[in-house]
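Asks: coords below, sequence missing:
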């Protein structure tokens, strides 16, 4: 997450495996512009990166607007042209559109926004509800962006669900965060 000194220290230590794909999250206190600085650190510190995921799916922050200009600056700073934007169910549509126009891959989030008794946003993951929400989301993304590379995640509890994301919903790939 941003800001996170441990992330920087781990990258500089170069303890990553080959084909390392870091996921940089913007947290509630994070500043989106910090993404560019972290990407420059990645660019200079690690030649093993095959892709970078910018994670704005956290339910407490995913409605933040990230400008196409900032996404472009991230692309210029990135150590790889393979950029992934992990989106949440409330991600600003203009942010998604800008990322697709810049050839980012889209990772449909694996969480659903909920609120606690104080009105604070939080998320749940790994449930059938997430699978229903994300399959609808992936279908909508495919209709809106027919040429985009879409990664579906969330609620995958069987090989059958993974195949459904691809065959029925239009995903190009799936992301599995828990064991099947």
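Replies: Great, that's in hand. Just so you know, these numbers come straight off a predicted model, no measurement behind them. Numbering: from 1, shown residues only.
Asks: quick one: low-confidence parts of this protein?
Replies: 1-18, 27-32, 46-47, 59-64, 110-113, 121-128, 178-180 (pLDDT under 70).
Asks: Checking my notes, residue 42 in a strand, right?
Replies: No: applying DSSP: H, G, I helix; E, B strand; the rest coil, one finds residue 42 to be helix, outside a strand.
Asks: quick one: contacts for it?
Replies: Residues near residue 42 by Cβ atoms under 8 Å, 6 or more residues apart in numbering: 11, 22, 49, 52, 78, 79. All C-beta spots, glycine's among them, are computed from the backbone N, C-alpha and C.
Asks: Residue 80 - how many residues pack around it?
Replies: A total of 17 residues lie near residue 80 under the criterion other Cβ atoms under 10 Å.
Asks: How about the contacts made by it?
Replies: With contact taken as Cβ under 8 Å, 6+ apart, residue 80 is in contact with 49, 50, 51, 52.
Asks: Quick check: longest helix in the protein by residues?
Replies: Using DSSP state H, we find that the single longest helix of the chain is helix 128-144.
Asks: gap between it and the chain center?
Replies: The chain centre lies 15 Å from the centre of helix 128-144; the measure is Cα atoms, centre = their mean, to the nearest Å.
Asks: Now the element after it, going C-ward?
Replies: Next helix or strand after helix 128-144 toward the C-terminus (DSSP states H and E): strand 150-153.
Asks: and that next one, which residues are buried?
Replies: For strand 150-153, burial by neighbour count (16 or more other Cβ atoms under 10 Å) applies to 150, 151, 152, 153.
Asks: Just confirm the first one contacts residue 139, I think it does.
Replies: It stands for residue 150. No: at 9.8 Å, residue 150 and residue 139 do not qualify as touching, with contact defined as Cβ atoms under 8 Å.
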